[in-house]
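In: Structure, please.
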Amino acid sequence: MSPTTIFAPASTPAEAIAGLSFLVLGVTATIFVVVCGLLVYTLVRFRRTTDEGDEPPQVYGSNQVELAWTVVPMLIVVVLFLATARVITRVQRADRPDNAIAVVAIGHQFWWEYRYPGLDVVTANELHVPVSDPEHPTPTFITLLSADTDHSFWVPRLAGKTDLIPNQINSTWLEPTETGLFLGQCAQYCGTQHAKMLIRVYVDARSAFDRWITEQRRPSQTDDSVSSGRRIFQTTSCINCHTIAGTAANGRVGPDLTHLMSRETIASGVVENTPENLRRWIRNPDDIKPGARMPPMNLTARELDAVTAYLASLR
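Out: Next up is the predicted model:
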């Protein structure tokens, strides 16, 4: 099964969309079978024979047939319209309970920023949400903003596609029914690395989600062994783009790095978050993600090792 299929929904809005998809596919498949069946019947029943007789009777119009091919398609369109309107209304006008998790997702070229306003947490590229208990639903409502151009948030197994438009506030919501990792994609072309602007949503058990929130609130723990890397980081242009809580780095252009090593991937899900890949990324991001907005830092090998060690300590 594809990790991005719409036919294995694991969230309430995705289930509504999948149900509508099955209805549309069922109706269109029925139309296809009926039309093909009539075509085959006509080809067989009225095929040319070796005994060519007189010209068959000519029929010039039929009120019954014309009424049928007018009324039946209209009824089909009305049914599909009403079903679609019902799902759109259900998804876009969902009630927001008091215990809902609030997230602000900001699309950048070419990565995702996630802010939890009520929980005082900021992270990047990997969204964590709690699984929803059917007896006590805990949906996650996501406000969608763009920092530059058009993007689109789409995790097929959790929710429908919703665009991020500059200077406009859109929203979507998730109500996952099972834990696990769910993959998505920016579904609106946004530049050279659009295809590598991936989405990773981790649906955690409530206790695991609460533990993750607690860990993200803590300041990063580093020691004197990485002091040289910390000094290099804080005296270069890194601090103009990135934030590390408790330091002079307070940039908003690039991802927040306070708990960088708590993430499984870097470069918006393109490669695993290992010291080796981190070093490659710092040395020249274009090696991993051609067209990335982060410039090569032009550090010496010694400086590169020191900065990598410092960033690898941020947990």
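In: Now do the same for Leu127: helix, strand or coil?
Out: Judged by DSSP: H, G, I helix; E, B strand; the rest coil, the three-state class of Leu127 is strand.
In: Then Gly61?
Out: coil.
In: okay, Thr50: pLDDT?
Out: Looking at Thr50, its pLDDT is 67.
In: I'd like the numbering to begin with 35 instead of 1 from here.
Out: New numbering, starting at 35: the last item is Thr84.
In: Now do the strands in this structure.
Out: 135-142, 145-150, 155-158, 160-164, 174-180, 185-188, 196-198, 204-208, 214-220, 232-238, 299-300, 305-306 (DSSP state E).
In: what lines up beside the longest one in the sheet?
Out: Right, the one you point to is strand 135-142. strand 145-150 (antiparallel), strand 174-180 (parallel) (DSSP bridges).
In: Give me the buried stretch members for it, please.
Out: 135, 137-142 (16 or more other CB atoms under 10 Å). (Glycine included, C-beta is placed from N, CA and C.)
In: Show me which positions of stretch 144-152 end up buried.
Out: 144-150.
In: Now mean pLDDT too, for the strands paired with strand 135-142, in CSV please.
Out: Below are those laid out as CSV (pLDDT from 0 to 100):
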stretch, mean pLDDT
strand 145-150, 96
strand 174-180, 97
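In: For Leu208, which of these is the nearest?
Out: Judged by CB to CB, the one of the strands paired with strand 135-142 that comes nearest to Leu208 is strand 174-180, at 4.7 Å.
In: any weak-confidence spans in the chain?
Out: 84-87 (pLDDT under 70).
In: how big is the angle separating the longest helix along it from strand 204-208?
Out: In the chain, assigned by DSSP state H, the helix with the most residues is helix 46-79. Counting by axes from the mean of the first three to the mean of the last three CA atoms, to 10 degrees, helix 46-79 lies at 90 degrees to strand 204-208.
In: for helix 46-79, packing partners?
Out: When contacts are defined as 3 or more CB pairs under 8 Å, 6 or more residues apart in numbering; DSSP states H and E, helix 46-79 sits against helix 97-126, strand 204-208.
In: Of those, flag the one that's most buried.
Out: Looking across those with neighbours counted as mean count of other CB atoms under 10 Å, the highest average goes to strand 204-208: a mean of 21.
In: quick one on the thing from earlier: could you dump the strands paired with strand 135-142 to CSV with distance to Asp244?
Out: Output for the strands paired with strand 135-142, formatted as CSV (distance: least, CB to CB, whole Å):
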stretch, distance to Asp244
strand 145-150, 12
strand 174-180, 14
